[in-house]
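Asks: Provide a 3D model corresponding to the input given below.
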Amino acid sequence: MTVLGYLANGLVFSSIIVLGSIGLSLVYSIADFANFAHGDTMTIGAYTALVTFGAVGGLGGAVLGLPYGFFLALVVGIAVAAIVAVGTEKLIYEPLDVDSIGLLITSIGIAFIYRAVIQIRFGSDFTRFGIQSLRPIETLLPYGVRVTLHDVAIVASAVVLVAGLHVLLQYTDLGRKMRAMADNPDLARVSGIRTKRVKLWTWVIGAGLAGAGGVFLGLFNQLSPRMGFNLLLVIFAAVILGGIGSVYGAMAGGFLIGMITQLTPFFSNVVEALPIGPGWLATLLENLITIEYANAIAFVIMVVVLLIRPNGIAGEGAT
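Replies: Just a heads-up that it's a prediction; the model follows:
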């Protein structure tokens, strides 16, 4: 595969990471705790879409190779992920009189509950959407790019969702209230902003984006009860890299981390071609720079960036 092929795969994977990262960053910036159940919220969205698509079928038409029924299932997956997150907030997080660390620990337990319920219902095996696989787009094959219309649909849908979020944050009353609450929740409260309502909408939007990311992750790869959990640390890396609490930083961090993980095999090929000193050193580097260690490499790069800019790409300068 050529470098363009790796970049194309990176763009598709980054689209999924960006959706998860934005949702996590939104919740962190307003709810003020790191939600470790976020990855499993993605899984809820994916399995809800799986069940919905199995029930409604294709509905007779397709866009970019995906049946109309898939997009209906996507909407239902987004809605159910949001409903579950809001229900968890109202029934569990909100009544607890604990600090952010206590909520973080509670969210770990919630993640186990989500995962256990899904595994009890669907088992632990991998599964897929009942959608026919497509051949790569032939006009791109001469350039070494093996992407399908399904991949294009993932990127296009992610762009639409991110653009919609940008419009909401910048040009709507709710968006202005969310930004005000993220900057200074106490000042927002005394200014007359109904902070509980804003917080509720934050959960809806953040969990909805996570649900969408989960659906696209299942389409891009496979569905399993651990799919969201396995991606959670990568999403956290993207949020930290972009700047904790910064939505636009999460977008940048998600894009970079997604690209890095998919470009890892290309870096491995480059290392193999380099005349590196002793044979043992070359072997070590070739073994390290493989797809199995892609997440570790992403974390190393995140640490290096944070050593240079501790508050992340979009965070305020270090003091």
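Asks: next SSE downstream of the lowest-mean-pLDDT helix or strand in the chain?
Replies: Least confident helix or strand of the chain, by mean pLDDT, DSSP states H and E, is helix 279-288 with a mean of 50. Sequence-wise, the next helix or strand downstream of helix 279-288 (DSSP states H and E) is helix 294-308.
Asks: show me what that next one is in contact with.
Replies: The contact list for helix 294-308 (Cβ atoms under 8 Å, 6 or more residues apart in numbering) reads 233-234, 237, 240-241, 256-257, 260-262, 264, 267, 288-289, 312-313. No exception for glycine: its C-beta is placed from N, CA and C like everyone else's.
Asks: now the stretch 1-150 of the chain, which segments are flagged as low pLDDT?
Replies: 1 (pLDDT under 70).
Asks: now the angle from whichever strand or helix holds residue 233 to helix 294-308?
Replies: In this assignment (DSSP H and E), residue 233 forms part of helix 227-242. With axes from the mean of the first three to the mean of the last three Cα atoms, to 10 degrees defining the directions, helix 227-242 sits at 20 degrees from helix 294-308.
Asks: what residues of helix 227-242 count as buried?
Replies: Neighbour-count burial for helix 227-242, counted by 16 or more other Cβ atoms under 10 Å, picks out 227-229, 231-232, 234-242.
Asks: what ranges do the helices span in this protein?
Replies: 3-31, 38-56, 68-88, 100-122, 149-171, 173-183, 185-190, 195-220, 227-242, 247-273, 279-288, 294-308 (DSSP state H).
Asks: ok, which of the ones you listed comes nearest residue 130?
Replies: Closest to residue 130 of the helices of the chain is helix 38-56 (Cβ to Cβ; 6.6 Å).
Asks: helices and strands around the closest one, which ones?
Replies: Counting by 3 or more Cβ pairs under 8 Å, 6 or more residues apart in numbering; DSSP states H and E, the packing neighbours recorded for helix 38-56 are helix 3-31, helix 68-88, helix 100-122, helix 195-220, helix 227-242.
Asks: how far away is residue 182 from residue 166?
Replies: Distance, residue 182 to residue 166, by Cβ to Cβ, to the nearest Å: 15 Å.
Asks: between those two, which one's more packed in?
Replies: residue 182 (21 against 14; other Cβ atoms under 10 Å).
Asks: contact partners for the residue nearest to that one when sequence neighbours are not counted?
Replies: Among residues not flanking residue 182 along the chain, residue 29 sits closest, at 4.2 Å (Cβ to Cβ, 6 or more residues apart in numbering). When contacts are counted by Cβ under 8 Å, 6+ apart, residue 29 is found next to 182, 245, 246, 247.
Asks: what's the closest of the residues you listed to residue 18?
Replies: Distances from residue 18 to the contacts of residue 29, taken by Cβ to Cβ, are shortest for residue 247, at 10.4 Å.
Asks: how close does that closest one sit to residue 142?
Replies: Going from residue 247 to residue 142 by Cβ to Cβ gives 38 Å.
Asks: one more: residue 231?
Replies: From residue 231 to residue 142 the distance is 32 Å (Cβ to Cβ).
Asks: can you check residue 72 too?
Replies: Counting by Cβ to Cβ, the gap from residue 72 to residue 142 is 36 Å.
Asks: same deal with residue 82?
Replies: 43 Å.
Asks: likewise residue 297?
Replies: Remark: distance between residue 297 and residue 142 (Cβ to Cβ) = 30 Å.
Asks: try residue 122
Replies: Residue 122 is 41 Å from residue 142, by Cβ to Cβ.
Asks: circling back to that earlier point, tell me which of residue 247 and residue 142 has more neighbours.
Replies: residue 247 (24 against 8).
Asks: list the contacts of the more buried one.
Replies: 22, 25, 26, 29, 165, 169.
Asks: and the pLDDT at it?
Replies: For residue 247, the model assigns a pLDDT of 85.
Asks: correct me, but residue 70 touches residue 132?
Replies: No - using Cβ atoms under 8 Å, residue 70 and residue 132 do not qualify as a contacting pair, with a distance of 11.4 Å.
Asks: the more surrounded of these two?
Replies: Taking other Cβ under 10 Å, residue 70 and residue 132 do not tie; residue 70 has more neighbours (25 against 10).
Asks: residue contacts, the more buried one?
Replies: Taking Cβ under 8 Å, 6+ apart, one finds 49, 53, 58, 129, 131, 219 in contact with residue 70.
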